[in-house]
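> quick one, structure for this:
(2 chains)
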Amino acid sequence: MSYNRTVQFNSRRQTNWQRNQNTVAFASAVKLGPISHTVLVALMITVLGLIYLTQATRVSGYDYAANAISDKISSLTEQKDNLEVENARLTALQTVKNSNVAKAMTTPTDVQSVSE
Amino acid sequence: MELHFSQGSRAKKIAVVTIAAVAIFIVRLFYIQVLQHDVYVAQADKEQIKQFTLHAKRGEIYAMDGSTPTKLVMNQTVYTVWADPTQVTDKSAVVSALNDIAGGNVRDNFAQYLDMKHSRYQVLATKVTLQQAEMLKKKRLAGIGFDAVSQRVYPEGQLASQVLGFVDANGEGRYGFEQANDAQLKGKDGLLKTVTDIRDVPLTVSDKNIRQPAVNGQNMVLTIDRSIQAETEQALADGVQKAGADHASAIVMDPSTGKVLAMANVPTYDPSQLNKVTDVSALNNDTVSAPYEAGSDIKTFTVATGVDKGAITPESTWDNTGQIQVGDITINNATKIPQITGNVTMQTALNWSLNTGMVTIAERLGDGSNITYSARKIIYDYFYNHFRLGQKTGIELANEQPGIVISPDAQDGGAVRYSNMVFGQGMDVTMLQVVSGFSAVINGGTYRKPAIINGVMSDDGTTFTPAKASTAYPGVISPATSATLREMVHQSHYATYNPHDGSDRYFIGGKTGTSQTIINGKYVNNQTIGTYLGFGGATADKPRYVIMIEVSAKGKEIDGGTGAKPIFNTISNWLINYLGLTSQG
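Numbering: from 1, shown residues only, chains lettered A, B, ... in the order given. Okay, the predicted model is just below:
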């Protein structure tokens, strides 16, 4: 019966071995070269950048919504001001004086004052 | 990490090239981001950061409607429609849309401005309303833009326009209340400094954003009562027409508080149509800015001085010959009839407006037969220090003038000068000074600084906070003197007036004034100013209003009795009803 070792242990006795130190060290069988390392780091930076951009864009999206609401408020305030002006004009003395109701009024023929 | 490459391997070559490229990038980035940091930041800020002014809303102005503030001056956003002629692609569509939607607001021959291709900004229409602007925007006309502009609107039209003043194109208050209270009404503009996108939408991605909110101007409430003001303006306009005059002014004041209830001049103007004002003098509020010789109204002050100093009583008599000598001049009475000649009382002097009676009072304040220096000092003290004539009242209105009352210590402050001053000539005063001083004469002897500000309204226009009472100067004359003067002026009002209008059931008093005018340095008789100064109330002890009317015309004699008194009576009788005074008869 034969078997293959999937894990390799390297003896460290030959190199600067000292008391109470592990005599073997773990070493993965999967090797990553320098180019793979560089690509992985670049990918990680890219992912982080994308996350940042996503968040920044989301904030900007809120800005557009806020700006739209602000515009709406301005427009409604303008309409409110216009209505207030119209209301003031309709209740102005000259308007009331020239109204149909005022024109239809008649002067009383007899007025008596009560002394107190 | 130690790299092991085979000699001349492809990996080694790639590594070298990569390292070289990265090194170049690093050097370049170092140059851009470190050495040129400030330059590029400034460049980016210039493109990305926009600065906006957050305009403060100008405070609105209210008048009183009885006890409730009502709006007299408001703000409204209107639009200026402009064109960039280089971008206009369909001229006929623009012309048609503007004519249909904003026909009344377009410039004359506005179509010609669309052909001015050398310009990128041509105004086509002004004062376009929000509704009109929105209708125009829906047309999606190429090359057409809109600028929002805040303008003052006057729901009551030209009511109290000379009191209010107006706001010019730069947003500065001009004339009247707007100018005098500009800082308080204007508020303080805010600032928004922010990173924006290409459409100028503010973004919050920068730590350089600055927002300083605008502080709106104060909403202010005048003491003017809009109904009294309207009635006064109408009475003035009618009175001017009846008298054939071309100018008139009026003030109505509450004598117990110094509050100005109405202040009007004819001719006047509409502040919303300034372009139609042809005579700039119509912008002035003559009641505060045009000192003049008030004439016989001043006799009430002279009599008050004499009574208060104990020199005369209403029953004091003197021998009236119709004229009196002071130094080298002879002073005459305007009226010379037998019934007021000989031994007559001071009440008669006031009733018939006898100049000789006033000179006699001045003499009795001295040694009895001369207007001595000490007499002149007393008169000056009362006129200037007590009644505050010849000095600014400090009312919150622009262009108030002080006028002048000559001191006895001045070179021309001699007996002749003072013999004229006691019947209202030889000194210049404003109507407001006269009304304020007269209020002190009849209110028990307390001078109240005249007030035009009644309080402030909250920013949302719901809460009214009254102003504190204006400064009071008690003891101008004694309460007893004041009571005597009320009765004397009351009798004076009815001495030549039997109205049968029911006003005799109330306590009304008044004094006429007819002053000569000075033309080319000389008094002329063919141009006089008619005035009437009076008060009214339900009872003798509580006057509710003081009214002063002034009427004049170029080259015309207008006397106080026929020119100004009818206007006084109209306003006074109306006020009796408006104030709900209870009759005593």
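> the residue of the stretch 351-500 of chain B found nearest chain A sits in which helix or strand?
With Cβ to the nearest Cβ, the shortest gap between the stretch 351-500 of chain B and chain A falls at B:Gly461, namely 8.3 Å. In short, each C-beta sits where N, CA and C put it, glycine included. Assessed by DSSP states H and E, B:Gly461 sits outside every helix and strand.
> give me the sheet partners of the helix or strand bottoming out on mean pLDDT in chain B and which way each runs.
Least confident helix or strand, chain B: strand B:202-203 with a mean of 79, by mean pLDDT, DSSP states H and E. When sheet partners are counted by DSSP bridges, strand B:202-203 sits next to strand B:190-196 (antiparallel).
> how about the partner strand: buried residues?
Of the residues in strand B:190-196, those buried by neighbour count under the rule 16 or more other Cβ atoms under 10 Å in any protein chain shown are B:190, B:192-196.
> how about the residues you listed in a markdown table, adding pLDDT and distance to B:Val128?
Formatted as a markdown table, the buried residues of strand B:190-196 follow (pLDDT from 0 to 100; distance: Cβ to Cβ, whole Å):
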| residue | pLDDT | distance to B:Val128 |
| --- | --- | --- |
| B:Gly190 | 92 | 26 |
| B:Leu192 | 87 | 26 |
| B:Lys193 | 87 | 30 |
| B:Thr194 | 86 | 29 |
| B:Val195 | 83 | 32 |
| B:Thr196 | 83 | 27 |
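> per-residue pLDDT, the residue of the stretch 351-500 of chain B closest to chain A?
At B:Gly461, the model reports a pLDDT of 88.
> now it, what are its backbone angles?
phi 70, psi 20 (degrees, to the nearest 10).
> for burial, what's the neighbour tally of the spatially closest residue to it that is not a sequence neighbour?
Counting by Cβ to Cβ, 6 or more residues apart in numbering or on different chains, B:Asn219 is the residue found nearest to B:Gly461 once chain neighbours are left out, at 6.3 Å. B:Asn219: 25 surrounding residues under other Cβ atoms under 10 Å in any protein chain shown.
> now the residue in chain A that chain B sits nearest to: which helix or strand?
With Cβ to the nearest Cβ, the shortest gap between chain A and chain B falls at A:Ala88, namely 3.6 Å. When elements are assigned from DSSP H and E, A:Ala88 belongs to helix A:34-90.
> residues contacting the least confident helix or strand of chain B, please?
Contact with strand B:202-203 is made by A:59-60, A:63, A:67, B:50, B:52, B:192, B:194-197, B:209, as judged by Cβ atoms under 8 Å, 6 or more residues apart in numbering or on different chains.
> out of the residues you listed, which comes closest to B:Gln425?
Checking the contacts of strand B:202-203 against B:Gln425 with Cβ to Cβ, the nearest one is B:Phe52 at 60.0 Å.
> quick one: the host helix or strand of that closest one to strand B:190-196, angle?
Per DSSP H and E: B:Phe52 is located in strand B:49-54. Inter-element angle recorded for strand B:49-54 and strand B:190-196: 150 degrees (by axes from the mean of the first three to the mean of the last three Cα atoms, to 10 degrees).
> with only the CA atoms kept, save strand B:49-54 in PDB.
Taking C-alpha atoms only, strand B:49-54 is exported to PDB below (Å, rounded to 0.1, in the frame of the first residue of the first chain):
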ATOM      1  CA  ILE B  49     -17.400  74.900  -6.200                       C
ATOM      2  CA  LYS B  50     -20.100  77.500  -6.800                       C
ATOM      3  CA  GLN B  51     -21.000  80.300  -4.600                       C
ATOM      4  CA  PHE B  52     -24.700  81.300  -4.300                       C
ATOM      5  CA  THR B  53     -26.200  84.300  -2.400                       C
ATOM      6  CA  LEU B  54     -29.100  83.300  -0.300                       C
END
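> give me the next element, helix or strand, following that strand.
For strand B:49-54, the following helix or strand on the C-terminal side (DSSP H and E) is strand B:61-65.
> quick one: average pLDDT of that next one?
96.
> what does stretch B:141-161 give?
The average pLDDT within stretch B:141-161 is 92.
> give me the neighbour count for the residue of chain B found nearest chain A.
The minimum distance from chain B to chain A, using Cβ to the nearest Cβ, falls at B:Pro155 (3.6 Å). As a burial measure, B:Pro155 scores 23 neighbours (other Cβ under 10 Å).
> what do you get for A:Ala88?
Neighbour count of A:Ala88, defined by other Cβ under 10 Å: 20.
> quick one: classify B:Gly509 as helix, strand or coil.
Under the three-state scheme (DSSP: H, G, I helix; E, B strand; the rest coil), B:Gly509 adopts strand.
> list the contacts for it?
Counting by Cβ under 8 Å, 6+ apart, the residues that B:Gly509 touches are B:442, B:486, B:488-493, B:534-536, B:543.
> so who does the closest residue to B:Pro474 other than its chain neighbours touch?
Distances taken as Cβ to Cβ, 6+ apart place B:Thr446 nearest to B:Pro474, at 4.5 Å, with adjacent residues excluded. Listed by Cβ under 8 Å, 6+ apart, the contact partners of B:Thr446 are B:440, B:472-476.
> pLDDT value on B:Thr446, please?
Note on B:Thr446: pLDDT of 97.
> close to chain A: what parts of the stretch 401-550 of chain B are there?
When proximity is defined by Cβ under 8 Å from any Cβ of the partner chain, the stretch 401-550 of chain B lies next to chain A at B:502, B:505.
> how about the helices in the stretch 401-550 of chain B?
Along the stretch 401-550 of chain B, the segments classed as helices by DSSP state H, counting those that start in this stretch run B:415-421, B:431-442, B:479-495.
> now those as a markdown table including mean neighbour count and distance to B:Pro338?
Formatted as a markdown table, the helices of the stretch 401-550 of chain B follow (neighbours: other Cβ atoms under 10 Å in any protein chain shown; distance: least, Cβ to Cβ, whole Å):
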| stretch | mean neighbour count | distance to B:Pro338 |
| --- | --- | --- |
| helix B:415-421 | 23 | 25 |
| helix B:431-442 | 27 | 31 |
| helix B:479-495 | 20 | 16 |
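> export those to CSV and tack on mean pLDDT?
CSV is the format used below for these (pLDDT from 0 to 100):
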stretch, mean pLDDT
helix B:415-421, 96
helix B:431-442, 98
helix B:479-495, 95
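> save these as CSV, and put in distance to B:Ser96 too.
Output for those, formatted as CSV (distance: least, Cβ to Cβ, whole Å):
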stretch, distance to B:Ser96
helix B:415-421, 70
helix B:431-442, 55
helix B:479-495, 66
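> of all those helices, which one is nearest B:Val106?
helix B:431-442 (43.5 Å).
> angle of that closest one against helix B:479-495?
Calculated by the same axes, to 10 degrees, helix B:431-442 forms an angle of 110 degrees with helix B:479-495.
> and helix B:431-442, what does it pack onto?
Helix B:431-442 is packed against strand B:247-254, helix B:286-289, helix B:299-308, strand B:447-448, helix B:479-495, strand B:522-537, strand B:545-552, with contacts defined by 3 or more Cβ pairs under 8 Å, 6 or more residues apart in numbering or on different chains; DSSP states H and E.
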